[in-house]
Every structure is written in structure tokens, then in C-alpha cells.
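Undergrad: pasting a predicted model and its sequence here:
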Amino acid sequence: MDKNARKVQNRDTNPCMEESFDSQKCLDAYNYNKRMCSAYFQRYKKCMKYWHNIMVQRRRDGVTPAMPTAAERQEMLAAVGGKPY
């Protein structure tokens, strides 16, 4: 498995893995008709934007690692009452 494939499948480095898999499942189900899966794509984009903003803010604040671990992300999502995207 190459480096990029491992990175995509690592829960600590990919906060939107669930949304990514859901998008792929939708594409598979609808024979790669992208119009049928636009809601899944939007949810993935919102997820990536949300966690990117978190990562940027943590860098500004000097927090390492910039991307929260999977456990930290679960705690953060629970604190805001679920996924805000």
C-alpha cells in the first residue's frame, strides 16, 4: 500500500474518512453518476473545510499536532453536539 493510500485510511490524519467512504459508496451505487451524489460531496467538502479551519487555528495557537487525533475530534464533536457540517 502506498503512502497516500495509508494516509487516506488513517483515522488520525483523515477526519472525513466516513464522508469520503459514503461518497464512494454512492458513486458505486449510482454507476458513477455524480449528480445523484451531490449531497454526499457537499457533506464531504463541508467536513474538510471545518477540520481545515480547526487545523489552521491550532497552528496559530501553537498547538501540536495541528490536526487533532481521532479521539480528540470525537470529544470536540461531542462538545458541540454532533457534526456541525
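TA: Done, it's in.
Undergrad: tell me which element Cys47 is part of?
TA: Counting by DSSP states H and E, the element that carries Cys47 is helix 38-61.
Undergrad: next up, the contacts around Gly82.
TA: By Cβ atoms under 8 Å, 6 or more residues apart in numbering, Gly82 lies in contact with nothing. In short, each C-beta sits where N, CA and C put it, glycine included.
Undergrad: from Cys37, how far out is it?
TA: To Cys37, Gly82 is 22 Å away according to Cβ to Cβ, to the nearest Å.
Undergrad: ok, now Ala70?
TA: 25 Å.
Undergrad: neighbour count: these two, which is higher?
TA: The residue with more neighbours, out of Ala70 and Cys37, is Cys37; 20 against 14, by other Cβ atoms under 10 Å.
Undergrad: what's the closest non-adjacent residue to that one?
TA: Leaving aside its sequence neighbours, Cys37 sits nearest to Cys26 (Cβ to Cβ, 6 or more residues apart in numbering; 3.9 Å).
Undergrad: residues contacting the one you found?
TA: Residues in contact with Cys26 (Cβ under 8 Å, 6+ apart) are 36-37, 40.
Undergrad: so what's Tyr50 closest to, chain neighbours aside?
TA: Tyr85 (5.0 Å).
Undergrad: ok, that neighbour touching Ile54?
TA: No: the criterion here is Cβ atoms under 8 Å, and Tyr85 misses it with Ile54 at 11.4 Å.
Undergrad: and the helix holding Cys47, average pLDDT?
TA: Averaged over helix 38-61, pLDDT sits at 97.
Undergrad: does anything pack onto it? Which helices or strands?
TA: Counting contacts by 3 or more Cβ pairs under 8 Å, 6 or more residues apart in numbering; DSSP states H and E, helix 38-61 packs against helix 17-29.
Undergrad: the helix it packs on vs helix 38-61, what angle?
TA: With axes from the mean of the first three to the mean of the last three Cα atoms, to 10 degrees defining the directions, helix 17-29 sits at 160 degrees from helix 38-61.
Undergrad: in helix 17-29, which residues are buried?
TA: Across helix 17-29, burial judged by 16 or more other Cβ atoms under 10 Å covers 19-20, 22-23, 26-27.
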